[in-house]
Each structure stands twice: as structure tokens, then as C-alpha cells.
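In: sequence plus the predicted model coming up.
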Amino acid sequence: MSTQDVLPAIAVIGMAGRFPGAPTIEAFWDNLHRGVESITHFPPEELEDAFGRSVQSQPGYVCARSILDGVELFDAGFFNFLPREAELTDPQQRVFLEIAWEALESAGYDPAAFPGDIAVYAGSSIDTYLLYNVLSDRQRVECFTGNYQVAEYPTLVGNGADFIATRTAYKLDLRGPAFTVQSACSTSLLAVAEACQCLLDYRADMAIAGGVSITFPQKRGYLYQEGGMVSPDGHCRSFDADAAGTVFGSGAGAVLLKRLDAALADGDPIRAVIRGSAVNNDGARKVGYTAPSSDGQAKAAALAQALAGVTADAISYIECHGTATPLGDPIEISGLTKAFRATTDRKGFCAIGTAKTNIGHLDIASGAIALIKPFLRSNMKACPQRFISKLQTRNSASRIARSSSMRNSKPGRAARNRASPESMPLAWAAPMSI
């Protein structure tokens, strides 16, 4: 009997999401498989930001962002919202509620008929809908702040980040723990890790975990600054020689989790298996608060492998954070290399990739989507195209660590692995920093 046979594991039995250029999981995979870039480049007349023409006409202004279509649409009656209540509710809450339902539905579960407890772990970005749409003038701001905690409850509950998990549980009548998670761009992946622990502790029978980021105005650009975090031309070239920054955008992702033994006993559709997860913090031993740390990432990756009962040479693919920043990408590869060196001396056997080259950096939602992509890759038994608008043959990953175990992924059939597609060991990195 192998170590993996005796260690507890979590089954992913349902998935759902909203992605730039793709309203469903299936459409997202189709875009990945065809190498479609879903970052939108806006003509000047479509811009909705407040920079003004004097700024928008500057050479360093980039009119690009990943957006979600249809965020204004919502079936209020289906989720038992009053029309005005729906209008006052942040689209982040509305979209997460939709994908939570879809994740349950994709696994064949009606929460009203499920006899056990279902938990919710979720997070969202800062609520710009409240600032941009609801509190649109000084009078509305003063009315809301003057009545804070004693009135204006539909606005408060509909826009407070604290309520995304508990309100989802209320609307779907879920009885397990409901926690809002906030840790910047690692939020939705941390939500999954916490949900897994909740299930392993038998505090719930299933768990919905994920995150959402939708900010307004969606059609906005940014000013590029050399050495900063954003791309000079609106393209995200992760691990490439021309990597110079990321592109931000909107998206949402959620998974439905269950203990593996229970999922097998109940005949659930097992999309993937999570065998281990680890969480830590960098502390102060790095150049700044928003900077990543290779040592911190290495410790988290090594611990996740140890808890999963796998060695590095059993891992064939890593879905990386991969922000395409000159600081972040080299540190990420360095951290992963340190973690791999603890259990293997092999080189060049593990492919790396990131969805950011296709859809940009989706902030709070980026971790959940980084989880969903390799699950789809494993289910489809194929490698998606890696979109880079001007791919250079000398990629930065090989320049950073020529002795690394990592290699850039290539499109085509997925590499054969000693594990089955359902339990293929996967690792990923989603640090708080960018």
C-alpha cells in the first residue's frame, strides 16, 4: 500500500466560474486550448475611467484590461432577491452566488435535498460597485455613513466583504461553516486550503470554496511605469524574455469539495483530487511588504508535497502565479527549485504554465482559476496553448535557473504520469504579492 493510499484526500466534484472571454468552464477551456488571449484592448471612445484625454493620450497610457461580460445581469427571482435588493448588491456577491449554485449543480447536488452540512469559504475584492454606482454623489455618501449600523441594511449587507460567504450560505440554505477569507491575490486559493482542512476535521460534509474580483469601471486603462507591476503594452508574458509586467482584470471561480472516501462511496463525479496543501507567510525577510520571498514559497511548496506524500519527481506540471513581473517570476522559479531540490536532483522534467498569459491577473480570483486550469488540463489529457503575443525562444525561466527542474509547457498531449488523471500530483504558487 502506498503512502497516498493511507493519507486523507479531498475530491473536487464540481467546478464553476466566470472568465474573461468565457462565461463557463467549457468556454474557458476552449479558449485555453486554442491559445486565445482574452485581454481586451479598448478604443479611446469606450474608456470609462476618469483620467481624461490629457492622460489617456500619453505614450505610457495602456488601454487594456480583462473584463467580464454580463455582470449587470442577475436572476433575482431565482435567488429570492427583491428587485431593489439586487440592484444594491455588489455584482461580486451576485456572481459568486451564481457560480456556487453552478458548482453544486455540476456535481448533481440540490442543497435542499442534501442531508449533510455544506460549508462556504470565499473572498472578494474591494467593493468599487458601492463607490462607483451606489454612493454616486455626496448626499448618498452622507446618508449611508450617517445611518451606518442602524439603517441602510440592504446597502450594507449587499456590499460588505464580510457577507459574501454567509450570504451565499443563507441564500442556498447551507448549514456548514461560512467564512469570508481575505489575503489579497492568494485569497481564493487560501479559501480552498481552509475548506479542505474543514472537511478533514469533519466540520462539514462538502464545501464550496473560491473567490471573485469584479471592479468598476471595467473599461479602464492604466499608466505604465518602468520597473512597476503592469505591462507596457497590455500583454502578459509570464516566464518570457520580454516579460515586463502584468495586466489586471475581473473573474470568478469556485470548486465543490468532498472527502475522497465519501465521494467514492457516493459515486460522485471526481474531477480531481487534492492530496495536500500548505499555508505560510513570508514575514519581514524580504525587500518590502508587497515583494515575494523565494524562501517562503519554497517552504510552502515543500510542506504541501510532504503532506501529500509525494516527491518532486512525481509532479509533471505546476500552474504558477506567473505575474510576468521582472521581480516575481524569477523569485517564484527560485522558490520552486529550492523545494524540488529537497527530494530530487532531476532536471527539466516538470512543465510550468499560468493562465495569466491568456486572461491576465484576476486578483482575488486568480488562485481559484489557477486551480481550475490544471484540473481541466488533467481531465482533458491535453496541454493548452500558451498565448504570448511575441514569444522569444530564450525564455526567462531558463535564464533564471538553468539547473531548475522546471520547463515551460508546450501545447499538445499531456505528458504521461505515473498517477491517474484524477490523482495526478499538482503544485501551484499564489503568493500574496505580485
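Out: Cool, the structure landed.
In: how about the contacts made by residue 245?
Out: Taking C-beta atoms under 8 Å, 6 or more residues apart in numbering, we find residue 245 in contact with 224, 228-232, 236, 323-325. For the C-beta atoms, the positions are set from N, CA and C on the backbone; glycine is no exception.
In: take the residues you listed and keep only those in strands.
Out: Of the contacts of residue 245, none are assigned to strands by DSSP state E.
In: quick check, nearest of those to residue 358?
Out: Distances from residue 358 to those, taken as C-beta to C-beta, are shortest for residue 236 (8.3 Å).
In: that closest one contacts residue 39, correct?
Out: Yes. Counting by C-beta atoms under 8 Å, residue 236 does reach residue 39; the two are 7.1 Å apart.
In: overlap in contacts, the two.
Out: Contacts common to residue 236 and residue 39, judged by C-beta under 8 Å, 6+ apart, are 247, 360.
In: can you pull the contacts of the nearest residue to residue 64 once chain neighbours are set aside?
Out: Closest residue to residue 64 apart from its sequence neighbours, by C-beta to C-beta, 6 or more residues apart in numbering: residue 234 at 2.7 Å. For residue 234, the contact set (C-beta under 8 Å, 6+ apart) comprises 39, 41, 62-64, 247.
In: again, 6 Å this time
Out: Counting by C-beta atoms under 6 Å, 6 or more residues apart in numbering, residue 234 touches 41, 62, 64, 247.
In: now do residue 230
Out: Contact analysis of residue 230 by C-beta under 6 Å, 6+ apart lists 222, 224, 245.
In: and for residue 128?
Out: Taking C-beta under 6 Å, 6+ apart as the test, what residue 128 contacts is 215-216.
In: more crowded one of residue 236 and residue 39?
Out: residue 236 (34 against 24; other C-beta atoms under 10 Å).
In: and the more buried one, how far is that from residue 144?
Out: Separation of residue 236 from residue 144 (C-beta to C-beta, to the nearest Å): 37 Å.
In: repeat that for residue 103.
Out: As for residue 103, its distance to residue 144 is 33 Å (criterion: C-beta to C-beta).
In: comparing the two, which shows the higher neighbour count?
Out: Higher neighbour count among residue 103 and residue 144: residue 103, with 26 against 17, using other C-beta under 10 Å.
In: pLDDT averaged over the one helix or strand that one maps to - what is it?
Out: Element membership for residue 103, per DSSP states H and E: helix 91-106. Helix 91-106 carries an average pLDDT of 98.
In: got the buried residues for that helix?
Out: Neighbour-count burial for helix 91-106 flags 91-104, 106 (criterion: 16 or more other C-beta atoms under 10 Å).
In: what is the nearest of these to residue 307?
Out: Ranked by distance to residue 307 (C-beta to C-beta), the buried residues of helix 91-106 are led by residue 103 at 24.5 Å.
In: so who does that closest one touch?
Out: Counting by C-beta under 6 Å, 6+ apart, residue 103 touches 14, 16, 208, 254, 256.
In: check for me that residue 119 belongs to a strand.
Out: Yes. Secondary structure of residue 119 (DSSP: H, G, I helix; E, B strand; the rest coil): part of a strand.
In: hey, what's it bridged with?
Out: Beta-bridge partners for residue 119, by DSSP bridges, are residue 207.
In: how many neighbours does it have?
Out: When neighbours are defined as other C-beta under 10 Å, residue 119 has 24 of them.
In: surely it and residue 196 touch.
Out: No. With contact defined as C-beta atoms under 6 Å, residue 119 does not reach residue 196; the gap is 10.5 Å.
In: returning to what we had before: what subset of the contacts of residue 245 is buried?
Out: Among those, the ones that count as buried by 16+ other C-beta under 10 Å are 224, 228-231, 236, 323-325.
In: no further queries at this time; thank you.
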